[in-house]
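>>> predicted model follows, preceded by the sequence.
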Amino acid sequence: MRDLRASFRAMPEQLHSLRMRSSCGREHISGAERLLDFAQLEEEMSSMLQRALGHPRGRAERICLTLEPVKAATVRRESLLSLSTFQVENWQQGRRLAGDLLKKLGLERVLVEAAVAQLSAGPAAQGGVMRGAMLIDALTGQRCESDRSRGVRVSRMDVDPGARQSIQCLLAGQGFDDPQRIVEAWTLASKVALCPQVIAELCWSDDPDYLTGYIASAQNGYQRISQLKKAGSRIGGRIFFIRPGTNLSALTDFLQRDPILFHAPGT
Ligand code: PML
C-alpha cells in the first residue's frame, strides 16, 4: 500500500484545504473547514464523515468533501482573537447582552434587532438555515449576500498544527466541554475579524443542543455568550455586519480563498 507520509515528505510546501458540507433533502445539516498537512487528511476526512452521519440536526443524505491544494508560501500567519465568556441566565438575557456589545461597536439597536429577527426566522431564501453567513449593511440594514440559500462561507483557515493541542488543552482546562467546536468557531471568527470591512459578527449554532453563541470583532475579540438561543431550536447561523460601500466580491474572495493559520493570542 502507498505510504501517505512518504508522499507528504515529497511536497512539504503544500497544504490542503479540506471542506465538508452535508445536507438532507434541501436542509443544510453540517459543515467543516480545515487547512491541513497531507498526513492529517485521512483521519480528518473520516472524522468529518462521522460528524455528518451522526449530527444532532439529523443524518445526512448527501455529503460533499472538497479537497484543494494550497501553496504553503501563500499562507498568512495571524493571532486568534482574545477570548472571553459571559454567563447569562437565559437566551433572552443573552440576546440583550449581544445587542449591548454590538451597540458598543456602533451598531444601532433597531438594525441589530431586525437582523436578529431574520436570523431567528430562518434566513435562507426558502426559510431554514443557510450554509454560510448573512451579510448585513451596517447603515441600511439591507441583506447583501448574492445567494440567499448559500450565504457567504468562510474557508481556508485553521489553527497552526503546532498550536492546536495547547489551545484545546487550554479550553478543556477552563472547563469548556466542547473545545473542538469552540476552536473551529473561534478560528472562523478570527479570520472574519481580519476584514476591515466587517464591523462585527454575531453567531449562534443551528445545533438544537448547543446554546452558546458569540459576538466577534477586531476591536473587542471573541466574546462568547453562554445562551443566545432557545434550547431545541434548529435555527442558527452567522451575521456579518459590514461597512456601507463594502466591495462585496473582494470581501467574499478574501473570506473564501485567502489561507490563514492562527496561533494562540499573545504567543
Ligand atoms: C457552531 O456550532 O457551529 C457555532 C458555535 C458557536 C459558539 C462556539 C463557542 O462555544 O464558542
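Everything's here; your move. Everything numeric in this text was worked out from a predicted model, so none of it was measured.

>>> close to the ligand: what parts of the stretch 1-150 of the chain are there?
Within the stretch 1-150 of the chain, no position lies close to the ligand (CB under 6 Å from any ligand atom). Quick note: C-beta positions are derived from backbone N, CA and C, even for glycine.

>>> what are the ranges of the helices in the stretch 1-150 of the chain?
Taking DSSP state H, counting those that start in this stretch as the criterion, the stretch 1-150 of the chain carries its helices at 4-10, 41-53, 91-104, 109-121.

>>> which residues in the stretch 101-250 of the chain form strands?
134-137, 157-159, 198-204, 213-217, 221-225, 237-242 (DSSP state E, counting those that start in this stretch).

>>> could you redo these as TSV and give each row mean pLDDT and mean neighbour count?
Formatted as TSV, the strands of the stretch 101-250 of the chain follow (pLDDT from 0 to 100; neighbours: other CB atoms under 10 Å):
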stretch	mean pLDDT	mean neighbour count
strand 134-137	98	22
strand 157-159	97	25
strand 198-204	98	25
strand 213-217	98	25
strand 221-225	98	23
strand 237-242	97	25
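
>>> right, so of these, which gets closest to L15?
Of all the strands of the stretch 101-250 of the chain, strand 157-159 sits nearest to L15, with 8.7 Å by CB to CB.

>>> who does the closest one touch, helix- and strand-wise?
strand 27-36, helix 179-192, strand 260-263 (3 or more CB pairs under 8 Å, 6 or more residues apart in numbering; DSSP states H and E).

>>> tell me the most buried of the helices of the stretch 1-150 of the chain?
Among those, the stretch with the highest mean neighbour count (mean count of other CB atoms under 10 Å) is helix 91-104, at a mean of 18.

>>> give me the contact list for that helix.
86, 88, 109, 112-113, 116, 200, 202, 211, 213, 215, 220, 223, 225-230, 241 (CB atoms under 8 Å, 6 or more residues apart in numbering).

>>> what values do phi and psi take at the residue in the chain that the ligand sits nearest to?
Per CB to the nearest ligand atom, S205 is where the chain lies closest to the ligand, at 3.2 Å. Main-chain torsions, S205, degrees, to the nearest 10: phi -70, psi 150.

>>> what is the burial count for R62?
Neighbour count for R62, taken as other CB atoms under 10 Å: 11.

>>> need the pLDDT of it.
You'll see R62 listed with a pLDDT of 94.

>>> which non-adjacent residue is nearest it?
S23 (5.1 Å; CB to CB, 6 or more residues apart in numbering).

>>> the one you found bridge partners, please.
Counting by DSSP bridges, S23 is bridged to H28, R62.

>>> coming back round to it: out of the strands of the stretch 101-250 of the chain, which comes closest to H263?
That would be strand 157-159 among those, by CB to CB, at 7.4 Å.
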